[in-house]
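Trainee: sequence first, then the predicted structure:
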Amino acid sequence: MTDATALDCDVAIIGAGPVGMALALSLKDSGRRVLLLDARPPKAWADDPRALALAHGSYQLLERLDAWDAGASTAIEEIHVSQRGGFGRTLLCAADYGTVALGYVMRYKDLAAALAAKIAPEQLLGDCHVEQIETRSEAVALTLSGVNQLVTAQLVVHAEGTPVDDPDVRVRDYRQHAIIAQVKPASPHHHRAWERFTPDGPLALLPLGDDYSVVFTVPSDKAAALLALTDDDFLNALREQFGRRVDFVSCGARSAFPLALRVRSPIVQQRQVWIGNSAQTLHPVSGQGFNLGLRDAAELATALLDQGQGDYGAALAVYARGRQTDRRYSMGFTDTIVRLFSNDFPPLRCARGLGLLALDLAPPLRHFVAKRMIWGARAWP
Ligand SMILES: Cc1cc2nc3c(=O)[nH]c(=O)nc-3n(C[C@H](O)[C@H](O)[C@H](O)COP(=O)(O)OP(=O)(O)OC[C@H]3O[C@@H](n4cnc5c(N)ncnc54)[C@H](O)[C@@H]3O)c2cc1C
C-alpha cells in the first residue's frame, strides 16, 4: 500500500445521512472547508425503505437550505389520535394553527436525494470507515480504512446514526420492532394521519402520495411472524390492530426495525460533537427523531457561525447548553408515550382515555401538543 494522502479540513462530519448533510449545507457559505465521510458508497440511502413525518418547522429549515423537494412530500392536514379498546380520541387540524399543514411525509431516500443534490461531489468521501480518532491540542486526526486517506480537522462532528456498544450511551430497549410498509387504502386519505395506540405498541398511518406509509409496532417476538405473512394476511393483521375506520386493498414490501432509546451524554468533548441519531435515537412514535436531529444540525451551525473561526470550545459549550431543553423534552415525550400507551392495564387505559378526551375538549391543552409537533423546539417554554 502506498503512503496515505493527507486531507486537511475545518469540519469533518462522520456520516452523510440526512442530519450530516443538513449540517454540511448549513455551513456552505461559512468559508469553512467541510468534509463529509460515509461508510457506505454514495447514494446507498436509495435503498432505505423508511418514510419520515417531518414537522412544519423542519420543512422551513430544509427550504432555507434549498433542499426541499415539494413534489416528493405529502401534507398532513389532520392527525387523529386514539387508543384501541378504550374510549377517548383527539383530532389536531392544521387550520386551527393558521398553517396549511401540521407536517409532511417524505421518503427517507427522497429527503436524502434533495440534500445530496446540493452537496459538492468533492465534499463527500464515500466507502470509508473511520478507524481511529486522535484528538490533539491543535487538531483531530482521523485514520480511514477503505480509502488510503488521512484526514485532519479542527472539529469532528459525529452524525453516523444509531450508536452501538458505547459506554457513553444509555440504552432502554423497548423490546418492540417497527414493521413498516406502504399500503394502498380503499378510499382517499384526505391528508389525515392516524396514530392509534394498542397494547402491542403504537400504530401510525401516514399519508404518502395516494397511499399510507404504515409504522406497525409490535413486541419483538411477533415481528418475524408478521414479516412472514402473505400480503392478505398482513392486511388482516393491520385491520385487526387498527379497527374499521380505514380499510386497505394492497401492500408493498415490509421491513423491520428494532426499537430502543439511546441517549449519549455528554454530546460534546474536546473538538468533537454528536448530532442526530448518534446523539439520541428515539422510538418513532410521533415522528420526532429526524426532526430533532435537524434542529441539532441547525443549532450547531448557528453556534459555529456565531463564534467565528477557531474558537470551537466556546461554540461547543454554547451548543451543548442550547440543546438541553429540546433534547430533554423530545426524548421525555416519546419515551413517556411509549411506556404509558403500550400496555393493556385497565386503570392506565382509563387514564389514557381521559387524557385524550381532555385534549379534545380543552383547546389550550390540544394547542400545546400541536404547536410542539409543528414547530418543535421553538414552541418549548
Ligand atoms: C421505522 C422508523 C420510522 C421513523 N420515522 C420517523 C419519522 O416519522 N419522523 C422523524 O423525524 N424520524 C423518524 N425516524 C427517525 C429517523 O429515521 C432518524 O432520526 C434519522 O434517519 C437520523 O438521521 P441521521 O443522519 O442522524 O442518521 P442516519 O440516517 O442513520 O445516517 C447515518 C449515516 O452515517 C453513516 N455511517 C454509519 N456509521 C458510519 C461510520 N462509522 N463512519 C462513517 N459513516 C457512517 C451511514 O452510512 C449513514 O449514511 C424513524 C426511524 C425508524 C427506524
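Mentor: Right, received. Where do you want to start?
Trainee: give me the neighbour count for residue 74.
Mentor: The local packing of residue 74 (other CB atoms under 10 Å) involves 24 other residues. For every residue, glycine as well, the C-beta is placed using N, CA and C.
Trainee: would you agree it is in contact with residue 209?
Mentor: Yes - under the criterion of CB atoms under 8 Å, residue 74 makes contact with residue 209 at 6.1 Å.
Trainee: and the pLDDT for the residue of the chain found nearest the ligand?
Mentor: Nearest to the ligand in the chain, going by CB to the nearest ligand atom, is residue 17, at a distance of 2.1 Å. Residue 17 carries a pLDDT value of 97.
Trainee: ditto for the one 5 residues further on
Mentor: Residue 22 carries a pLDDT score of 98 in this model.
Trainee: hmm, back to that, contact partners for the residue of the chain closest to the ligand?
Mentor: Contacts for residue 17 (CB atoms under 8 Å, 6 or more residues apart in numbering) come out as 38, 45, 112, 159, 160, 161, 276, 277.
Trainee: if we use 10 Å, what do you get?
Mentor: By CB atoms under 10 Å, 6 or more residues apart in numbering, residue 17 lies in contact with 36, 38, 40, 45, 48, 108, 111-112, 115, 159-161, 276-278, 290, 293.
Trainee: please flag which of these sit within strands.
Mentor: residue 36 (DSSP state E).
Trainee: of the contacts of residue 17, which are in range of the ligand?
Mentor: Residues of the contacts of residue 17 in contact with the ligand (CB under 6 Å from any ligand atom): 38, 40, 159, 160, 161, 276, 277, 290, 293.
Trainee: how near is the closest residue to the third one other than its chain neighbours to residue 215?
Mentor: What it means is residue 159. Nearest residue to residue 159, sequence neighbours excluded (CB to CB, 6 or more residues apart in numbering): residue 20, at 3.4 Å. Noted for residue 20: a distance of 24 Å to residue 215, by CB to CB, to the nearest Å.
Trainee: so where's the chain uncertain?
Mentor: Within the chain, the segments meeting pLDDT under 70 span 1-4, 86, 146, 342-349, 351-362, 365, 375-381.
Trainee: check contacts around the residue nearest to residue 252 when sequence neighbours are not counted.
Mentor: Spatially, and ignoring its direct neighbours in sequence, residue 252 is nearest to residue 182 (4.3 Å; CB to CB, 6+ apart). Residue 182 sits next to 49, 51, 107, 206, 208-209, 211-214, 250-254 when contact means CB under 10 Å, 6+ apart.
Trainee: just the buried ones from those?
Mentor: 49, 51, 107, 206, 208, 211, 212, 213, 214, 251, 254 (16 or more other CB atoms under 10 Å).
Trainee: same list (those residues) but as CSV, adding distance to the ligand.
Mentor: Converted to CSV, the buried ones among the contacts of residue 182 look like this (distance: CB to the nearest ligand atom, whole Å):
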residue, distance to the ligand
49, 9
51, 7
107, 11
206, 7
208, 11
211, 15
212, 13
213, 8
214, 10
251, 16
254, 11
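Trainee: partner strands of the strand or helix carrying residue 106, with direction?
Mentor: Using DSSP states H and E, the element containing residue 106 is strand 103-107. If you go by DSSP bridges, strand 103-107 pairs up with strand 51-55 (antiparallel), strand 74-76 (antiparallel).
Trainee: point out the most buried one among these.
Mentor: Most buried of those by mean neighbour count (mean count of other CB atoms under 10 Å) is strand 51-55; its value is a mean of 26.
Trainee: thinking again about what came up before, in helices, which of the contacts of residue 17 appear?
Mentor: 108, 111, 112, 115, 290, 293 (DSSP state H).
Trainee: residue 139: which of those residues is nearest?
Mentor: Distance ranking of the ones in helices among the contacts of residue 17 against residue 139, using CB to CB, places residue 293 first at 26.1 Å.
Trainee: in which helix or strand would I find the nearest residue to residue 83 once chain neighbours are set aside?
Mentor: Of all residues not flanking residue 83 in the chain, residue 197 sits nearest, at 4.3 Å (CB to CB, 6+ apart). Assessed by DSSP H and E, residue 197 sits inside strand 192-198.
Trainee: just the C-alphas of that strand, formatted as PDB.
Mentor: The C-alpha coordinates for strand 192-198 follow below in PDB (Å, rounded to 0.1, in the frame of the first residue of the first chain):
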ATOM      1  CA  ARG A 192     -55.200  12.700   7.500                       C
ATOM      2  CA  ALA A 193     -52.600  10.800   9.600                       C
ATOM      3  CA  TRP A 194     -53.700   8.300  12.200                       C
ATOM      4  CA  GLU A 195     -51.900   7.500  15.400                       C
ATOM      5  CA  ARG A 196     -53.500   4.500  17.200                       C
ATOM      6  CA  PHE A 197     -52.200   3.200  20.500                       C
ATOM      7  CA  THR A 198     -52.600  -0.500  21.000                       C
END
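Trainee: that strand - contacts with which helices or strands?
Mentor: Here strand 192-198 touches strand 74-76, strand 78-83, strand 89-93, strand 201-208, strand 211-219, helix 231-242, helix 324-341, helix 346-361, going by 3 or more CB pairs under 10 Å, 6 or more residues apart in numbering; DSSP states H and E.
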